[in-house]
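> take this sequence and fold it.
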Amino acid sequence: MRGQSVLAWLLELVKFCAVGGTAFVVDVGLFNLLRFGPGELLGDKPLTAKVISVAVSVVVAWLGNRHWTFAGTRRSSARRELLMFVLVNLGGMAIAVSCLAVSHYVLGLTSPVADNIAANGVGLVLGTAFRYLCYRYLVFTGPARH
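Here you go, the predicted model:
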C-alpha cells in the first residue's frame with residue numbers, strides 16, 4: 001500500500017468511490033439521454049453513445065481524482081498524468097463497450113434495461129477495478145506529499 005496505513009488507504013478508497021460515483025452519474029445519465037432522451041440523438045447507436053458518455057465522465061473523474069483522491073501523489077506534469085489517465089480509461093471503456101457489444105450484438109439483448117446492465121453494470125464493475133489499480137500504480141505515482 002505504498003507505505004500507507006490501512007486507515008489512509010480506506011480514506012483513499014472512499015474518495016475514489018465518491019469521485020467514481022459522480023463520474024458514474026455523468027456517464028449513465030448522458031448515455032441514457034443520448035440513447036433514450038428527447039429526440040433520441042443516438043437512439044440507434046448504443047456504442048457511440050457509450051463512447052461519448054465515457055469520454056465526458058473521464059474528464060470529471062480525472063479532475064476529482066487529481067485534485068482530491070490522489071492529490072498527495074499526483075505527478076508534477078498534469079499533461080503526462082492526463083495522458084496516462086486517458087490511456088487507462090480507454091482500457092476501462094473498452095471493457096464496458098465490449099460487455100455492451102457482446103450483450104447487444106452477440107446475445108441480441110437490445111432493450112434499454114439489457115444495454116444498461118451490460119454497459120453500466122457488468123462493464124462498469126470490471127472497468128472500475130481495472131481503473132483503480134491502474135490509477136494507484138501507474139497514473140498517480142508522484143512523490144508523496146504530506
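> every contact and neighbour count from this point should use C-alpha atoms.
OK.
> now do the same for residue 133: its pLDDT.
Residue 133 carries a pLDDT value of 90.
> next one: the strand or helix carrying it to chain centre, how far?
Residue 133 belongs to helix 123-134 when assigned by DSSP states H and E. Helix 123-134 sits 7 Å away from the centroid of its parent chain (Cα atoms, centre = their mean, to the nearest Å).
> other SSEs contacting that helix?
Applying 3 or more Cα pairs under 8 Å, 6 or more residues apart in numbering; DSSP states H and E, we find helix 123-134 packed against helix 78-101.
> what residues of the helix it packs on count as buried?
81-82, 84-86, 88-93, 95-101 (16 or more other Cα atoms under 10 Å).
> over to stretch 32-39?
Residues of stretch 32-39 classed as buried by neighbour count (16+ other Cα under 10 Å): 32-36.
> again with stretch 16-24
In stretch 16-24, counting by 16+ other Cα under 10 Å, buried: 16-20, 23-24.
> any chance of the residues you listed in a markdown table, plus pLDDT, distance to residue 48 and secondary structure?
Listed next are the buried residues of stretch 16-24 as a markdown table, based on pLDDT from 0 to 100; distance: Cα to Cα, whole Å; DSSP: H, G, I helix; E, B strand; the rest coil:
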| residue | pLDDT | distance to residue 48 | secondary structure |
| --- | --- | --- | --- |
| 16 | 92 | 26 | helix |
| 17 | 92 | 26 | helix |
| 18 | 97 | 26 | helix |
| 19 | 96 | 24 | helix |
| 20 | 90 | 21 | helix |
| 23 | 92 | 18 | helix |
| 24 | 87 | 17 | helix |
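> now, the most widely separated pair of those?
16 and 24 (11.7 Å; Cα to Cα).
> residue 118 versus residue 110, what's the distance?
Residue 110 sits 10 Å away from residue 118, taking Cα to Cα, to the nearest Å as the criterion.
> likewise residue 57?
In terms of Cα to Cα, residue 57 sits 18 Å off from residue 118.
> circling back to that earlier point, out of the buried residues of stretch 32-39, which comes closest to residue 130?
Within the buried residues of stretch 32-39, the smallest distance to residue 130 is 23.7 Å, found for residue 32 (Cα to Cα).
> what's the helix or strand for the closest one?
Judged by DSSP H and E, residue 32 forms part of helix 6-36.
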